[in-house]
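Student: structure for this input, please:
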Amino acid sequence: MPTVHFTDADGTVRDIDGNVGDSVMETAVRNGVPGIVAECGGSLSCATCHVFLREDCAEHLPPMSDMEDEMLYGTAVDRQDNSRLSCQLKLADDEVFVTTPGTQV
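Tutor: Model (predicted):
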């Protein structure tokens, strides 16, 4: 079972067990993790599930699509090189470490 380690903008860490095949966003919403709004429910039509992915986790997750890349220009907090939309990060057997920005809207 994969674990997602959510760190909020204040540094609070929440370790949540997820299910293989679920997204980081689904895991967050199901467990009430603050900092993930997910207005579109994972349909890649908003940017309210923006996270900063720890660099060493990227190799275990699907690469960013062109559509995700475009959506990241609409984030409330400026995107960084490690910005991703958590709805596009599908869990496998590896741990995932993400930080949520100070705001999503």
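
Student: quick one: contacts of stretch 54-66?
Tutor: With Cβ atoms under 8 Å, 6 or more residues apart in numbering as the contact definition, stretch 54-66 has outside contacts at 53, 82, 84, 88-90, 92, 94-99. Using the backbone N, CA and C atoms, a C-beta is placed for each residue, glycine as well.

Student: how about 6 Å then?
Tutor: 82, 89, 94, 96-97 (Cβ atoms under 6 Å, 6 or more residues apart in numbering).

Student: let's see it as CSV, backbone CA atoms only.
Tutor: Presented in CSV, the C-alpha positions along stretch 54-66 are these (Å, rounded to 0.1, in the frame of the first residue of the first chain):
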residue,chain,number,x,y,z
ARG,A,54,9.6,16.1,-4.1
GLU,A,55,12.1,15.7,-6.9
ASP,A,56,13.0,12.1,-6.2
CYS,A,57,9.4,11.0,-6.5
ALA,A,58,9.0,12.2,-10.1
GLU,A,59,10.7,9.1,-11.6
HIS,A,60,8.0,6.8,-10.1
LEU,A,61,5.0,8.8,-11.5
PRO,A,62,3.6,9.4,-14.9
PRO,A,63,5.3,12.3,-16.8
MET,A,64,3.5,15.6,-17.1
SER,A,65,1.1,15.9,-20.1
ASP,A,66,0.9,19.0,-22.2
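
Student: gap between that stretch and the chain center?
Tutor: 11 Å (Cα atoms, centre = their mean, to the nearest Å).

Student: for that stretch, what is the average pLDDT?
Tutor: For stretch 54-66, mean pLDDT rounds to 93.
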